[in-house]
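In: Pasted the sequence and its predicted model underneath.
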Amino acid sequence: MKKILIVLIAGMLVSSISCKKSIDCTAELLISFITHTKNPEDHKIVTFNFDYGGEFNISKIIWDFGDGSSISNTDTTVTHTYENTGSYTVKVTITLDDAKRTGCTSTKEHNLTI
């Protein structure tokens, strides 16, 4: 009986330690929306933007433009030129890092037609 109790207590300590190091991803990853604006002179040139409403710093943003190309940076606004017309699903994935909390990621998708 003593061995079982010790294992249960050790398991609870490990769980509580790992919880203190993580960001509440549900509350923190608030990519409200992704918007896009097409260049009026060339509709294949598109500027994307997203709004993040959380309190932690974004350490990395991966923009996947849905045409086989992507970039990794820390900019919430990017411009991309599509080679062909068609329908695309743009994905933005953000990673949050803080001195005490790390590794929380979230992806939001946005559809557009060129």
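Out: Perfect, I can see it now.
In: make it CA atoms for all contacts and neighbour counts henceforth
Out: OK.
In: average pLDDT for stretch 96-114?
Out: Confidence over stretch 96-114, taken as the mean pLDDT, stands at 78.
In: cool, stretch 55-70 as well?
Out: For stretch 55-70, mean pLDDT is 90.
In: Buried residues in it, which are they?
Out: Taking 16 or more other C-alpha atoms under 10 Å as the neighbour-count basis, stretch 55-70 is seen to contain the buried residues Phe56, Ile58, Lys60, Ile61, Ile62, Trp63, Asp64, Phe65, Gly66.
In: Among those residues, which are located in strands?
Out: Among these, the residues falling in strands (DSSP state E) are Ile58, Lys60, Ile61, Ile62, Trp63, Asp64.
In: Is the first one in contact with Thr95, as I believe?
Out: Yes. Counting by C-alpha atoms under 8 Å, Ile58 touches Thr95, with 5.9 Å between them.
In: As a markdown table, the ones in strands among the buried residues of stretch 55-70 with distance to Cys104 would be great.
Out: Formatted as a markdown table, those follow (distance: C-alpha to C-alpha, whole Å):
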| residue | distance to Cys104 |
| --- | --- |
| Ile58 | 10 |
| Lys60 | 11 |
| Ile61 | 12 |
| Ile62 | 14 |
| Trp63 | 17 |
| Asp64 | 18 |
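In: so which of those residues comes closest to Asn49?
Out: Within those, the smallest distance to Asn49 is 10.3 Å, found for Trp63 (C-alpha to C-alpha).
In: was I right about the closest one contacting Thr95?
Out: No. Taking C-alpha under 8 Å as the contact criterion, Trp63 and Thr95 are not neighbours in contact, 11.9 Å apart.
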